[in-house]
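S.K.: coordinates only, sequence not included:
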């Protein structure tokens, strides 16, 4: 087991770089790196899990996975999308009506002032 742990720790080991170039490299890769100390793979896996949870990379991976949806799930999602679209259109219609009333009131007031 220690041979495997040493091999895995060599994979996860960071190259010796200056701190400035190291931060630059992390920004470019935007990945998760974990250091394995003394061949303790279990603690490194716990640290990796914690980093993945906090960074949100797990959500990105799950979002990009293509999987089969049942027809009932498709119908539910389609109905939810339709409801959101209808609510959005109703909101826009009400907002336009309110703005039109306000603008028409402002226009009428300015016309009355001009005509005096």
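M.R.: Arrived safely. Since the structure is predicted, the reported quantities are computational estimates derived from the model, not experimental observations.
S.K.: Packing partners of the longest helix along the chain?
M.R.: Ordering each helix of the chain by length in residues (DSSP state H) puts helix 71-115 first. For helix 71-115, not one helix or strand is in contact under the criterion 3 or more CB pairs under 8 Å, 6 or more residues apart in numbering; DSSP states H and E. Every C-beta, even on glycine, is put in place using the N, C-alpha and C of the backbone.
S.K.: Averaged pLDDT, that helix. What do you get?
M.R.: The predicted model assigns helix 71-115 a mean pLDDT of 86.
S.K.: Begin at 500 from now on, thanks
M.R.: Sure, I'll start counting at 500 from here, so that last one is helix 570-614.
S.K.: separation between residue 544 and residue 556?
M.R.: Residue 544 sits at a distance of 15 Å from residue 556 (criterion: CB to CB, to the nearest Å).
S.K.: wait, I meant residue 582
M.R.: Residue 582 sits at a distance of 31 Å from residue 556 (criterion: CB to CB).
S.K.: out of those two, which sits in the more crowded spot?
M.R.: More neighbours surround residue 556 than the other of residue 582 and residue 556, with 14 against 10 (other CB atoms under 10 Å).
S.K.: thought that one was touching residue 531?
M.R.: Yes: counting by CB atoms under 8 Å, residue 531 is a contact partner of residue 556 at 6.5 Å.
S.K.: Next one, pLDDT for residue 548 please.
M.R.: In this prediction residue 548 is given a pLDDT of 88.
S.K.: ok, it - how many residues close by?
M.R.: For residue 548, the neighbour count with other CB under 10 Å is 13.
S.K.: Which of the helices or strands spans it?
M.R.: In this assignment (DSSP states H and E), residue 548 forms part of helix 540-554.
S.K.: in that helix, what's buried?
M.R.: 540, 543, 546 (16 or more other CB atoms under 10 Å).
S.K.: Show the subsequent helix or strand relative to that helix.
M.R.: helix 556-563.
S.K.: That following helix vs helix 540-554, what angle?
M.R.: Counting by axes from the mean of the first three to the mean of the last three CA atoms, to 10 degrees, helix 556-563 points 70 degrees away from the direction of helix 540-554.
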